[in-house]
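Enquirer: Next come a sequence and a model predicted from it.
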Amino acid sequence: MKKILAIMLAALMIFSFAACGNDDGGDKTTEFKVGVIHIGNPADGSGYSYAHDQGIVAMQKNLGLTDAQIIRKNNIDDTNAAATKTAIEECIEEGCNIIFGTSWGYMETMAELAEQYPDVIFSHGTGYMSNDTNFNNYFGRIYQARYLAGIAAGLKTQTDKIGYVAAMDITNSEVTGGLNAFAMGVQAVNPDAKVYVKVTNTWFSVDLEGQAATALLDLGCDVIGQHCDTTAPQLAAEQAGVWGCGYNSDMSPDAPGAHLTAPIWNWGVYYTSATQAAMDGKWAEFGNYFGGMKEGFVDISPLSSLVAEGTAEKIEEARALIVSGEYDVFQGAYIDADGTVIDKDIVDNQGNVVIKAGEKLSDSTITGGINWYFENVIAQ
C-alpha cells in the first residue's frame, strides 16, 4: 500500500508540474497578442507600411507566434485621432498585450490611451513622447543610411541638381535631419551639387508625392530622393528617364529603370526584442529605442546596376567609419577623399554654423532639434 501511495503521489507531482509548465508556456505562446496600427496597407508590397509589417512578420517567426496572435489595423489615417483611438481600442478589446503604432500622428492618442489602460503596453514609432511605465517610442539612426544614399545620388547626377520629396517642412526634425544627412552624403562626393526639396505636408499620399517629384523633375533634377511613404517619386523618376533613391524598402522592383538604392529599416530587430521583453515581464527595463547601422537596424538596399562607377567603394568606406564610431553624420567633421575624418564646422544654407568642428549633436537634438537646412539644400 505504501508503494502504491508513493507511486500515486509521484505521478500527481509530475502531472502538477507539467500542468504549471503548460500554463506558463501558454501565457507566452498562445495567449499573448500583438497589435499593430498601419497608416497604409502592407499588401502594397513596398514602402513604409510594408517595411514595418515585414518586421512584424520577422518577430512573429522569431518568437513562434501564431497568425491569430497578430492583430493588424491597416489604412488608419494618422491625422484622424478618432479613427486612431478606435483602431487601438479594438486591439485592446481583442486582447492585445502590446500595441505598436507605426506613424508619427498616432503619438498623442497613444499617450492618452496609455494612461487609461495601464496594463497594456503602447510602443510608438517615430516621434518623441513616452512615459516610464507602459509607453515608449522607437526609431533609429536612419540618417546614417540616408548619408550613404546621398553618396549614390551625388555620384550619379549629371545636372548637379538632385530633388528630394519631403513629407514635412523644416520644423520637423525627423524629416529635416534625414534630408540634411542625404545632402551631406551628396556634398561629400560632389561639392557642386545642390539638393532641391519639395514638401508635401503629409506622410502618405500617392498623388502629392508624385506631384512633388514632377515639380522637381521640371527644375532639371535628375535624381529624386525621398522621405515619404510611397513609390510615386521613383515611378516619376523612371517615367522621366532619370534616377532615384527610394525609402523604407528596396524599390527596384517598382522602378527598375531608375532606382539606385534606398535607406531601409530592419524593423524586426526592434519588434522581436520589444515583444520578447513584454512577454518576459521585463518591459520596465526596456525603455526607448534608437538603434542604428551598428545594430543592423538601418542600412541601404543593395546597389542596383545603375549606380555610377566607384559608388560601392565610397559607400563602404563611409559605412566602415560610421559603424566603427570614427564618424557619424551629425558631428563637426567630414570624410576627405582619402577616407580620413577631418574636423570642420557644419554650416546651414543661411551661412550659420550649426555644429562646431569636433562637436557632435546629442540624440535628443537629432530627434527633436534639427530645424535648419544644410548648406547645399534649396527649399522650393
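Expert: Yep, it's here.

Enquirer: CA atoms for contacts and neighbours, from now on please.
Expert: Fine.

Enquirer: hang on, residue 221 packs against residue 163?
Expert: Yes - counting by C-alpha atoms under 8 Å, residue 221 touches residue 163, with 5.5 Å between them.

Enquirer: any residues in contact with both of these two?
Expert: Residues touching both residue 221 and residue 163 by C-alpha atoms under 8 Å, 6 or more residues apart in numbering: residue 196.

Enquirer: Between those two, point out the one with more neighbours.
Expert: Neighbour comparison, residue 221 and residue 163: the larger count goes to residue 163, with 31 against 25 (by other C-alpha atoms under 10 Å).

Enquirer: Name the residues linked to the more buried one by a beta bridge.
Expert: Beta bridges link residue 163 to residue 196, residue 224, judged by DSSP bridges.

Enquirer: Quick check: the gap between it and residue 264.
Expert: The spacing between residue 163 and residue 264, counted by C-alpha to C-alpha, to the nearest Å, is 19 Å.

Enquirer: ok, now residue 355?
Expert: 26 Å.

Enquirer: quick one: which of these two has more around it?
Expert: Shown here are residue 355 and residue 264; by other C-alpha under 10 Å, residue 264 has more neighbours (22 against 18).

Enquirer: wait, the more buried one sits on residue 144?
Expert: No - Residue 264 sits out of contact with residue 144 when judged by C-alpha under 8 Å, with a separation of 10.5 Å.

Enquirer: Centre of the chain to stretch 346-358, how far?
Expert: Put simply, stretch 346-358 sits 26 Å off its chain's centre (C-alpha atoms, centre = their mean, to the nearest Å).

Enquirer: can you give me the end-to-end distance of that stretch?
Expert: OK, stretch 346-358 end separation, C-alpha to C-alpha: 10 Å.

Enquirer: Can you mark which positions in it are buried?
Expert: The neighbour-count check on stretch 346-358 (16 or more other C-alpha atoms under 10 Å) flags 346-348, 354-357 as buried.

Enquirer: what residues does that stretch touch?
Expert: 330-333, 343-345, 361, 372-378.

Enquirer: again, 6 Å this time
Expert: For stretch 346-358, contacts defined as C-alpha atoms under 6 Å, 6 or more residues apart in numbering pick out 332, 343-345, 373-375.

Enquirer: Now the two most distant members of those residues.
Expert: Pairwise distances across the contacts of stretch 346-358 (C-alpha to C-alpha) peak at 19.8 Å, for the pair 343 and 373.

Enquirer: Which of those two has more residues huddled nearby?
Expert: Comparing residue 343 with residue 373 by other C-alpha under 10 Å, the one with more neighbours is residue 373, at 22 against 15.

Enquirer: Just give me the neighbour total for residue 93.
Expert: Counted by other C-alpha under 10 Å, the residues lying close to residue 93 total 9.

Enquirer: remind me which residues of the stretch 201-350 of the chain are low pLDDT?
Expert: By pLDDT under 70, the stretch 201-350 of the chain has no low-scoring segment.

Enquirer: again, only this time at 90
Expert: 229, 249, 284-286, 337-338 (pLDDT under 90).

Enquirer: now swap in the stretch 51-200 of the chain and tell me
Expert: In the stretch 51-200 of the chain (pLDDT under 90), the answer is 126-128, 132.

Enquirer: Do a quick rundown of the strands in it.
Expert: Using DSSP state E, counting those that start in this stretch, the strands of the stretch 51-200 of the chain run over residues 70-73, 98-101, 121-125, 135-140, 161-166, 194-199.

Enquirer: Show me how the protein divides into domains.
Expert: 32-140+267-291, 142-262+301-379 (automatic domain parsing).

Enquirer: Buried deepest among the ones you listed, which one?
Expert: Highest mean neighbour count of these: domain 142-262+301-379, a mean of 21 (counted as mean count of other C-alpha atoms under 10 Å).

Enquirer: Do me a favour and get the end-to-end distance for that one?
Expert: 22 Å.

Enquirer: when you give positions from now on, start the count at 19
Expert: With the count now opening at 19, the last piece we talked about shows up as domain 160-280+319-397.

Enquirer: Please state the offset of that domain from the chain centre?
Expert: 15 Å.

Enquirer: Over to stretch 299-317?
Expert: For stretch 299-317 - counting by C-alpha atoms, centre = their mean - the centre lies 12 Å from the chain centre.

Enquirer: who touches it?
Expert: The contact list for stretch 299-317 (C-alpha under 6 Å, 6+ apart) reads 154-160, 163, 281-284, 295, 341.

Enquirer: Stretch 139-154 too?
Expert: For stretch 139-154, the external contacting residues (C-alpha under 6 Å, 6+ apart) are 116-122, 155-157, 306.

Enquirer: Now for these: which two are most distant?
Expert: For the contacts of stretch 139-154, the farthest-apart pair by C-alpha to C-alpha is 116 and 122; their separation is 17.7 Å.

Enquirer: Show me the residue sitting in the middle of the chain in space.
Expert: Centrality entry for the chain: nearest residue to the mean C-alpha point is residue 283, 5.2 Å, by C-alpha atoms, centre = their mean.

Enquirer: The residue lying closest to it once chain neighbours are set aside: how many residues sit nearby?
Expert: For residue 283, ignoring the flanking residues on the chain, the nearest one in space by C-alpha to C-alpha, 6 or more residues apart in numbering is residue 316 at 4.7 Å. When counting by other C-alpha under 10 Å, one arrives at 25 neighbours for residue 316.
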